[in-house]
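Engineer: Sharing a model that was predicted from the sequence below.
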Amino acid sequence: MGTAPRLRARWQRLLTGAVDRVTAEHRATVDTVVEAPAPLQPIDLTDDATVTEVLDLAERVGEVVLASGTAVTDTTTQIEFIAATYGLSKCDIDVTYNSIRISADRGPRLPPASTMRVVHYRSLDFTRLAAVDRLTRRIRRELVPPQEALEALDEITSAPHPYPRWSATLGWALMAAGVAVLLNGGWLIALLSFATTTAIDRTNRVLNRRGLPFFFQHMMGGIIAATPAVLVSTFASSLHLDPSLIIAAGIAVLLAGLQLVGAVEDAITGAPITASARMLEVVMMTGGIIAGIALTLRVAEVFEASVPSVDMISSRDLTNLQIKLIAGAVTSAAFALACYAEQRALAAAAFSGAAATVVYLLIQHFGFGPIVASGGAATVVGLAGGLLARRALTPPLVVAVAGITPLLPGLRVYRGLYAFLNDELLIGFNQLSGAFAVGLALAAGVTLGEWIARDLRRPRIVRRIGSIRRPRFASS
C-alpha cells in the first residue's frame with residue numbers, strides 16, 4: 001500500500017531537483033540577487049578620475065550589449081549594475097539607438113559626473129556578449145578595481161572571434177539548408193540553399209570590406225538568392241523541384257541578422273525612440289532584400305526565363321515531424337554558430353529551435369493561424385532562453401534569437417513579392433502584412449517568455465538562498 005506513494009514522492013523530488021537546477025542556478029546578471037558589497041562605497045566619489053573610469057567602464061559594457069541587439073531596458077540594467085557596484089547608485093541613464101549617456105549624482109556637495117558614448121557598430125558576436133556578462137558577474141562578486149576591469153574589458157573587445165571566419169559561413173549555409181527542410185524541401189533543395197547562402201555570405205563579406213552600405217548588401221543577397229531559383233525553374237523543370245524554397249531560405253538567412261526582437265521589446269517596454277530607429281532599420285534592410293529579388297525576377301522575365309512560382313498555401317505541417325525537429329534544431333544551432341556563440345550555448349540554441357518548431361506545428365495543427373502559432377512558439381523560446389541560458393552561462397538573447405530563426409517568414413515574404421509582380425496587389429499586401437505580423441508575434445512572444453522566466457525563478461531563488469537584499473549604497 002505504501003509503495004506507490006513512496007514512488008510518487010521519489011519522482012516528485014527528482015523532478016523538483018531537476019527543475020531547481022535549471023531555474024535557480026547560474027542566474028543572469030539582471031536577475032542576480034546579492035548581498036551588499038563591503039565597503040558600501042567602494043570608490044572615492046570626490047576623485048573625478050576614478051569616477052570617470054567607472055562611468056567609462058559602465059558605458060563600454062553597455063556599448064557591447066546594445067550593439068548585440070539587447071533591448072534598452074536590459075542595457076540600462078547592465079549599466080546600472082556596474083555603476084552601483086562601485087558606489088554610483090544614483091544615475092540617470094539615457095540609452096538610444098546609437099548612444100549612451102550617464103549622469104551620476106555624487107551627493108549635494110559635489111557636481112554630477114556626466115559622460116556620453118556613441119555606438120558606432122553592430123555586432124553579432126555572442127561570445128563577446130557572454131564574456132561581458134561573465135565580467136559583470138565577476139565585478140559584482142569580487143569588486144574588481146575599475147582599472148583592472150577596464151583592462152579585462154579591453155581584452156574581451158579586442159579578442160579575435162573564437163572560430164575561424166569560414167565557420168560563420170558554414171553556420172549561415174547550414175541554417176539555410178535547415179529552413180529549406182522545414183518548408184518541405186528535399187535534400188537537393190537543401191543542398192542548393194546551402195550553396196546559395198555560402199555565395200551570399202562570401203560576397204557580402206567582400207562588399208562589407210569595401211564599405212558598401214548594408215542596404216545594398218541585402219539587395220545583393222536578394223539577387224544571389226533568386227538567381228539559382230530562376231536557373232532551376234528554367235533549365236531543370238524536369239526534376240520537379242520547388243525553387244521558390246531556395247529564395248525563401250535565403251530571405252530567412254538575411255532576416256536573421258536583423259534586430260527585430262530588440263525593436264519590438266523596446267516598443268513594448270517603453271523605449272519608443274530606439275524602437276522606431278531599430279524598426280526602420282529592419283524595414284529598410286527587408287526592403288533591400290525584396291528589391292534584389294524583384295530586380296532578378298524582372299530581368300528573368302525580360303530574357304524569357306521562368307520565374308519560380310509559389311504555392312500560396314502554408315507548407316508547414318506535421319508530416320515528417322522527426323526530420324523537422326532535427327531541422328529546427330540544426331537551424332537554430334547553425335545561427336548561433338554563425339554568430340560565434342560559445343560551444344556550450346550551441347546545445348541550448350538547438351534545444352530552443354526544436355522546441356519552437358514542435359510548438360509551432362502543434363498550434364497550427366489544432367487550427368490556429370501562423371501568427372498565433374508564431375507568438376505561442378516564441379513565448380516558449382523566450383521562456384527557454386530565460387531558463388536554459390543560465391545553465392549555459394549565456395545571455396538569454398543568444399538562446400531566444402537563435403530559437404526563433406526556424407520560424408522567420410521567408411516564404412511568406414516571397415509569396416507577397418510574387419503576388420505583386422503578377423499584379424495581384426491584394427494578395428501581395430496580405431502576404432507581406434502577414435509576414436510583418438509574424439515577425440512582430442515572434443519578437444513579442446520572446447519578450448513575454450523572458451518575463452515569465454524571470455517571474456517564475458524569483459520565488460525559488462529566495463527560498464533557496466534565504467533572506468537576501470539588493471545592495472544599497474551610502475551617499476557622500
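Structural biologist: Received the coordinates, thanks.
Engineer: For Ala249, see how far away the closest residue in space to Trp451 that isn't next to it in sequence is.
Structural biologist: With sequence-adjacent residues excluded and distances taken as C-beta to C-beta, 6 or more residues apart in numbering, Trp451 is closest to Gly382, at 7.8 Å. Every residue, glycine included, has its C-beta placed from N, CA and C. To Ala249, Gly382 is 24 Å away according to C-beta to C-beta, to the nearest Å.
Engineer: Those two: who's more crowded?
Structural biologist: Ala249 (35 against 31; other C-beta atoms under 10 Å).
Engineer: did I read that right, the more buried one in a strand?
Structural biologist: No. Read with DSSP: H, G, I helix; E, B strand; the rest coil, Ala249 is helix and lies in no strand.
Engineer: shaky segments in this protein?
Structural biologist: 1-41, 121, 311-317, 388-393, 456-476 (pLDDT under 70).
Engineer: and the longest helix belonging to it, what does it pack onto?
Structural biologist: Taking DSSP state H as the criterion, the chain has its longest helix at helix 425-465. With contacts taken as 3 or more C-beta pairs under 8 Å, 6 or more residues apart in numbering; DSSP states H and E, helix 425-465 sits against helix 3-24, helix 260-268, helix 370-391, helix 396-403, helix 410-421.
Engineer: how far out from the middle of the chain is it?
Structural biologist: What separates the centre of helix 425-465 from the centre of its chain is 12 Å, taken as C-alpha atoms, centre = their mean, to the nearest Å.
Engineer: Name all residues that make contact with the residue most central in space within the chain.
Structural biologist: Centroid-nearest residue in the chain, with C-alpha atoms, centre = their mean: Val401, separated by 2.7 Å. By C-beta atoms under 8 Å, 6 or more residues apart in numbering, the contact set of Val401 is 69, 261, 335, 446.
Engineer: tell me the two of those that are most distant?
Structural biologist: Phe335 and Val446 (14.0 Å; C-beta to C-beta).
Engineer: residues of stretch 294-308 that come out buried?
Structural biologist: 294, 296-297, 300, 306-308 (16 or more other C-beta atoms under 10 Å).
Engineer: Among these, which pair sits farthest apart?
Structural biologist: Among those, Ala294 and Ser306 lie farthest apart (C-beta to C-beta), at 16.1 Å.
Engineer: can you tell me how far Ser244 sits from Ser306?
Structural biologist: For Ser244 relative to Ser306 (C-beta to C-beta), the value is 12 Å.
Engineer: Please apply the same query to Ala58.
Structural biologist: Between Ala58 and Ser306 the computed distance is 57 Å (C-beta to C-beta).
Engineer: Strands along this structure, start to end?
Structural biologist: 91-95, 99-104, 113-118 (DSSP state E).
Engineer: between the second one and strand 91-95, how many degrees?
Structural biologist: Taking axes from the mean of the first three to the mean of the last three C-alpha atoms, to 10 degrees, strand 99-104 and strand 91-95 form an angle of 170 degrees between their directions.
Engineer: Mind giving me the packing neighbours of strand 99-104?
Structural biologist: Strand 99-104 packs on helix 48-67, helix 72-85, strand 91-95, strand 113-118, going by 3+ C-beta pairs under 8 Å, 6+ apart.
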